[in-house]
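Student: can't give you the sequence, but here's the structure:
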């Protein structure tokens, strides 16, 4: 069931508010949609208080209200970063008022003298603005998540290179603590080492104490760095799984009961510790220490996957440091490090020679069995003619990164081994020596092929929607203009004034069409995340389109994510087509699941369609009845295809017709 939309109605005329809510209820009932949930306030002060207290899906506001006007509410809401759609519905508006509210961010504007048809438009405006707002929020959220992910991947790649070049003279524990806090954000981070026997933990660094350090040192009687904890009799094996754990036993528990409990309680109170996370530095089933993260109240830990990836990097670095392996072994560990990354990663020296590449790079650049180390892109281009263009493009974009001296982002295409072309979002990070000489470059490529394909499909869908809207508008406006012409001819002799009213209504309808065309041309996507129960939908349509003398039966149908109004059109047109053209005694709706498809069939036992006509049924304008527009089945086909579906028709004269709709299960 769709969620109940919450509407804040700012109106000081209680009678009008009651009438308006009744109109909205009648429309929602007629459309078989969930009724709006209204909250009514009469004044500017109460409206602002309500907006602060609760989130609403839409705000409907009169212009003249107690304590000021609706513009005051609009300005205050936007000032407080509340961007909920605000639609004005006023009885005292004019063109200047409309301009003012739109300038300050109103979503739409109506006058109260709208009539019954106007309430339908207002109802649709509320639904449209809510859908647009939700779609915009989802897009922003996806963009923000992608930005954060890219930033974290860049940081992860940078630390990988820094771990490789880390000097034995530097404090690796301090480095790990500071970098980990970059991933975590506001927090206190403790890095502990563990002895060879796995029995003694030692705090090597504490990052993030800030102004609280004096108070903590006073309570402990010393600086926390250097404190040891006996792990022999405590179970810390849970830290060896290489995962981040939400620790619930407080500071006293995480200190392995080494610190006095009253001291632990006091530190928790001073810092306001609400969450503790712990993770071991684990590599090849051996733990080289652990990281502990303390969060204060109201703080949440994000980027858990990236934090785990960094701690795994740190574990490798600690293993390298502690074991003092040979250069060959160190290179092997680095290879394992970058191979844990899902995207392709490669390192080149300051002259563009390949040094290291992870498994993804080897696969994507088809370097299996090739000794790529020490070779430049121009040399690798000679080894694979299919990838020649990709390697030369890499060379050009490397030069651009060196020239700019900082991170460079761009899209690059790389042919796959199966003949297809993959698209990558590539980040290049040049590294320089202190004297400015080129030292190396880190390259990361994230496969965005599916995203780009989805964008192309969406763009095509928007273009088709625009074409469809213009075609429909043209077919509607032509007869409207004929009616208007006749009404104008009658106007001079019409004493009743009806012709004037007709002309006025035609003008309003023409404006309504114009606005909808503008919306279609703007390319707004219809992204319906809520599921629609086709059983309820079809039951309601059948009652209004299929006469009682025709038997109607329907299987249990699936729930799909769709625009219920558009899918009402689908089944209304199919049912009307069956009843009016087939003259059947029975109509069935069948459903079955085939592989990854939902298959829905609308079947009748009517007259059927002649073989020579069956290929034309989805053509725009095709009809066998002079009273029909010929758009019904064309609309059905457009709507089905917009859901990534397919529709086909089978028919035999004298036996009936079957329309088969195939929809992906993920719809």
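Tutor: Structure received. No experiment lies behind these values; they were computed from the predicted model shown. Numbering: from 1, shown residues only.
Student: Going by C-alpha atoms from here, please, whenever you check contacts or count neighbours.
Tutor: Will do.
Student: pLDDT wise, what is the residue in the chain sticking out farthest from the centre at?
Tutor: In the chain, the residue that sits farthest from the middle, by Cα atoms, centre = their mean, is residue 493; the gap is 59.5 Å. What the model reports as pLDDT for residue 493 is 78.
Student: which SS class is it?
Tutor: State at residue 493, reduced to three classes by DSSP: H, G, I helix; E, B strand; the rest coil: coil.
Student: Phi first, then psi, for it.
Tutor: phi -100, psi 0 (degrees, to the nearest 10).
Student: how much space between it and residue 503?
Tutor: Distance, residue 493 to residue 503, by Cα to Cα, to the nearest Å: 15 Å.
Student: Just the strands from the stretch 101-250 of the chain, written as ranges.
Tutor: 108-111, 188-194, 200-207, 228-230, 245-247 (DSSP state E, counting those that start in this stretch).
Student: Nearest to residue 564 among the ones you listed would be which one?
Tutor: strand 108-111 (23.1 Å; Cα to Cα).
Student: re earlier: tell me which of the strands of the stretch 101-250 of the chain sits most buried.
Tutor: Ranked by mean neighbour count under mean count of other Cα atoms under 10 Å, the strands of the stretch 101-250 of the chain are led by strand 188-194, which reaches a mean of 24.
Student: any idea how far it is from the chain center?
Tutor: 36 Å (Cα atoms, centre = their mean, to the nearest Å).
Student: Can you tell me the strand partners of that strand and which way each runs?
Tutor: The strands that strand 188-194 pairs with in its sheet are strand 200-207 (antiparallel), strand 286-296 (antiparallel) (by DSSP bridges).
Student: rewinding a little: which stretch among the strands of the stretch 101-250 of the chain approaches residue 594 most closely?
Tutor: strand 245-247 (42.0 Å).
Student: and the closest one, what other elements does it pack with?
Tutor: Judged by 3 or more Cα pairs under 8 Å, 6 or more residues apart in numbering; DSSP states H and E, strand 245-247 is in contact with strand 273-283.
Student: how far is the strand it packs on from where the chain is centred?
Tutor: Worked out by Cα atoms, centre = their mean, strand 273-283 lies 30 Å from the chain centre.
Student: what do you get for stretch 247-259?
Tutor: Distance of stretch 247-259 from its chain centroid, counting by Cα atoms, centre = their mean, is 39 Å.
Student: How about stretch 285-297?
Tutor: Stretch 285-297 has its C-alpha centroid displaced from the chain centroid by 32 Å (Cα atoms, centre = their mean).
Student: ok, and for that stretch, which residues are buried?
Tutor: Neighbour-count burial for stretch 285-297, counted by 16 or more other Cα atoms under 10 Å, picks out 287, 288, 289, 290, 291, 292, 293, 294, 295, 296.
Student: Pick out whichever of these sits closest to residue 7.
Tutor: The nearest member of the buried residues of stretch 285-297 to residue 7, counting by Cα to Cα, is residue 296 at 35.8 Å.
Student: Give the closest residue to the closest one in space, chain neighbours not counted.
Tutor: residue 273 (4.4 Å; Cα to Cα, 6 or more residues apart in numbering).
Student: Does that neighbour touch residue 295 like I think?
Tutor: Yes - under the criterion of Cα atoms under 8 Å, residue 273 makes contact with residue 295 at 5.7 Å.
Student: And stretch 418-432, what's buried?
Tutor: 422, 423, 424, 425, 426, 427, 428, 429, 430, 431.
Student: does the fifth one have beta-bridge partners, and which?
Tutor: To tie it back to what came earlier, the one meant is residue 426. Where residue 426 sits in a bridge, its partners, by DSSP bridges, are residue 410, residue 445.
Student: so what's the nearest residue to residue 160 once chain neighbours are set aside scoring on pLDDT?
Tutor: Sequence neighbours aside, residue 313 is the residue nearest to residue 160 in space, at 7.0 Å (criterion: Cα to Cα, 6+ apart). Looking at residue 313, its pLDDT reads 88.
Student: What strand or helix carries residue 313?
Tutor: helix 304-323 (DSSP states H and E).
Student: Also compute the angle for that helix relative to strand 273-283, please.
Tutor: 50 degrees (axes from the mean of the first three to the mean of the last three Cα atoms, to 10 degrees).
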